[in-house]
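**Q** Next come a sequence and a model predicted from it.
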Amino acid sequence: MITKEDLSEFEYLTIQMEKLVPYLLFIEKELGTDILIKLLKKLNQENFSKAKANKIDSDDFLDGYKSLKKFCSKNHLKCSSFHQDDKHMEFNITECPFTELMKKLNAQHIGHLLLCATDYVRAAEHGWMLTRTKTCMEGNVICDFKYKKSFDEEI
């Protein structure tokens, strides 16, 4: 039997999104896009606040960088422009299979709220601040990730 540990995050999220998205699209049809987006944003903000309040005590920022590189490789994300120092790391995603997944499910318009927003939560869990101005999911040619070791701002 296959377990979650046997799957890449992309494979795991594909299974989740194939089940979840039809329900969300039904809710969107019944209640409207604005309400669905408002609810997803509220949920993301609550998850971010919880993560920030319960962050993992870890000073190993550079291991986080190595983990991000491994994550990109394992999940078929094409990355470029890696840069790091002891307080910052930056990179761009130039090809994102998560975007292709959400296109296939006719849900790219909410993909940034279902998938991309979790990057902010993960960063907060580790006491990092993520700044991003572009995502492939929202139609840009790159996702630009800029992490710093601590944060003072909300998403």
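**A** Structure received.
**Q** For the longest helix along the chain, name the packing helices and strands.
**A** Ranked by number of residues, the top helix in the chain under DSSP state H is helix 9-31. Counting by 3 or more Cβ pairs under 8 Å, 6 or more residues apart in numbering; DSSP states H and E, the packing neighbours recorded for helix 9-31 are helix 33-53, helix 61-74, helix 97-104. The C-beta positions use only the backbone N, C-alpha and C, and glycine is treated the same way.
**Q** Need the winner for burial among the ones you listed.
**A** Counting by mean count of other Cβ atoms under 10 Å, helix 97-104 has the highest mean neighbour count of the helices and strands packed on helix 9-31, with a mean of 18.
**Q** Can you pull out the low-pLDDT segments for the protein?
**A** For the chain, applying pLDDT under 70 flags the ranges 57-62, 64-65, 151-155.
**Q** mind redoing it with 50?
**A** 153-155 (pLDDT under 50).
**Q** Next, Ser81: secondary structure please.
**A** strand (DSSP: H, G, I helix; E, B strand; the rest coil).
**Q** Please work out how many residues are found near it.
**A** Neighbour count for Ser81, taken as other Cβ atoms under 10 Å: 12.
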